[in-house]
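> Pasting the sequence and the predicted model now:
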Amino acid sequence: MHSTILTASLLTLSSLHAVLATPSRTVQNVERASCTLAALGSGKDDSPQLLTAMQSCSTVVIPASTTLNISTRLNMTGLSNKHLNLQGTMRFNPNITYWTANAFPFAFQTSITFWILGGTNLLVDGGGTLDGAGQAWWDAFASNSGLLRPITMTLFQATNVVVQNIKMINSPMWFNFVNEGKNVTFSNVSLNAKSTSSHGAANTDGWDTYRSDNVVIKDSVINNGDDCVSFKVNSTNIIVSNLNCTGSHGISVGSLGQFAGMFDIVENVTATNIHMSNAQNGARIKAWAGSGVGSGIVKNITFANFVESKVDNPVVIDQCYMTSASACAQFPSNTFIQDVFFTTISGTSSGSTVASLACSPGARCSDINVNNFSLSPPSGTAKYTCQNVKLAGNAASLFGTCATT
């Protein structure tokens, strides 16, 4: 069984819906309780047999001794009551020519993905490994910054999903994309993106949530080269807890407000018990300013119990993300940030500034609370900066009088 092949040009998201509306095979009326797969071997593509098994069996087992060669895209949408017991390895063949022409496209940030998994009541576990074989992609990206690289696993229109007790390595792009999901839990997941060349593991976000509600990400270890977790547009009711993040860009709300005519929402997010080391950022909120940007609201966000080690920017609000200071002054951010709590943040920075809360003028930030800070630079006195914001909490005095721009 082969899924429909797309043309080389990217589809719009509406086109993708049309593709997914047509099932790739007829599901049998009677499912088998369990199927166990063996690799076909000799470089043969194991994608068709995996797709057939997921549609025909309630439980699909990939044994510990098995490595499946995934050479064509995986459309596992519209499933119900399925268990993927991944004890072995699914390795995505780094055929850059094939994937750039045939990976599933999403309009959001011009993303593409190897694998779309969707439906209701889905479980992925087993202790095995998803291998994105990212090294070839990172090396190619170093000389072609326009290269679109696939996300390893995309949960698309998925409800009541648990992904637990697995490893994911060397994703070409983001590891996980939760797109239009609801009631999704990730638990005890190990993510590792490590380059063996001079070209770094670029844009390897651990998790990105988008248009999703009730997502839990917990008890996991991440070593990557971009956001550990990023809450993108219209992410609501998210809990992130007990993560150990190394080499990342932080636990990030945003970026938001980038596109004209769009209203972005991130609301009711808690990130707690986070260990962050050798990272660019710790707890961060980022929003665009400048001419022609969009708008939005960030509301009820809690960053609590962060322990940070050698982090460039342990605490950040940046309402001038990717925008020049002059453009920010002329065109402040239209993304309003309110009801934010930075609580019990400790550890060390890599520079003198340990916290920077840079808001746009015009009361774009309100009810920003800072409590129980214990942050130290490598040497000298810790520097706390703020602008265009009135702070509350027992750590507010560390910031002094906030600048007005």
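Okay, I see it.

> So, low pLDDT: which residues of the protein?
Residue ranges of the chain with pLDDT under 70: 1-31.

> In terms of helices and strands, where is the closest residue to S47 other than its chain neighbours?
Closest residue to S47 apart from its sequence neighbours, by C-beta to C-beta, 6 or more residues apart in numbering: T72 at 4.4 Å. All C-beta spots, glycine's among them, are computed from the backbone N, C-alpha and C. T72 is part of no helix or strand when elements are defined by DSSP states H and E.

> can you pull the contacts of L74?
Residues near L74 by C-beta atoms under 8 Å, 6 or more residues apart in numbering: 3, 47, 50-51, 114-117.

> ignore the last one, T348
With the criterion set at C-beta under 8 Å, 6+ apart, T348 makes contact with 308-311, 375-378.

> partner residues bridging it?
Judged by DSSP bridges, the bridge partners of T348 are S376.

> From V307, how far out is it?
10 Å (C-beta to C-beta, to the nearest Å).

> What of G88?
Taken as C-beta to C-beta, the span from G88 to V307 is 35 Å.

> quick one, which of the two is more surrounded?
Ranked by neighbour count (other C-beta atoms under 10 Å), G88 and V307 place G88 first, with 21 against 17.

> Phi first, then psi, for the closest residue to that one other than its chain neighbours.
Among residues not flanking G88 along the chain, T66 sits closest, at 3.9 Å (C-beta to C-beta, 6+ apart). Main-chain torsions, T66, degrees, to the nearest 10: phi -110, psi 130.

> you'd agree T66 is up against T89?
Yes: contact criterion C-beta atoms under 8 Å: T66 and T89 qualify, at 7.2 Å.

> For S195, see how far away W138 is.
Note on W138: its distance to S195, by C-beta to C-beta, is 6 Å.

> Give the residues shared as contacts by the two.
When contacts are counted by C-beta under 8 Å, 6+ apart, W138 and S195 are jointly contacted by A201.

> Give me the more crowded residue out of the two.
W138 (26 against 17).

> List the buried residues in the helix or strand harbouring that one.
For W138, the host element (DSSP H and E) is helix 135-143. When burial is assessed from 16 or more other C-beta atoms under 10 Å, helix 135-143 yields the following buried residues: 135-141.

> any idea which of these is closest to C365?
Using C-beta to C-beta, F141 comes nearest to C365 of those, at 35.1 Å.

> ok, K44 - how many residues close by?
Neighbour tally, K44, other C-beta under 10 Å: 12.

> what do you get for A403?
If you count neighbours by other C-beta under 10 Å, A403 ends up with 11.

> mind putting the contacts of L74 in a markdown table, secondary structure and neighbour count included?
Output for these, formatted as a markdown table (DSSP: H, G, I helix; E, B strand; the rest coil; neighbours: other C-beta atoms under 10 Å):
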| residue | secondary structure | neighbour count |
| --- | --- | --- |
| S3 | coil | 19 |
| S47 | helix | 24 |
| L50 | helix | 21 |
| L51 | helix | 20 |
| F114 | coil | 26 |
| W115 | strand | 24 |
| I116 | strand | 25 |
| L117 | strand | 24 |
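
> Out of those residues, which is nearest to A33?
Lowest distance from A33 to the contacts of L74 (C-beta to C-beta) belongs to L50, with 17.3 Å.

> show me what contacts the closest one?
By C-beta under 8 Å, 6+ apart, the contact set of L50 is 37, 60, 68, 70, 74, 90.

> Most neighbours of all these, which one?
Neighbour max across the contacts of L50 (other C-beta under 10 Å) = M90, 27 neighbours.
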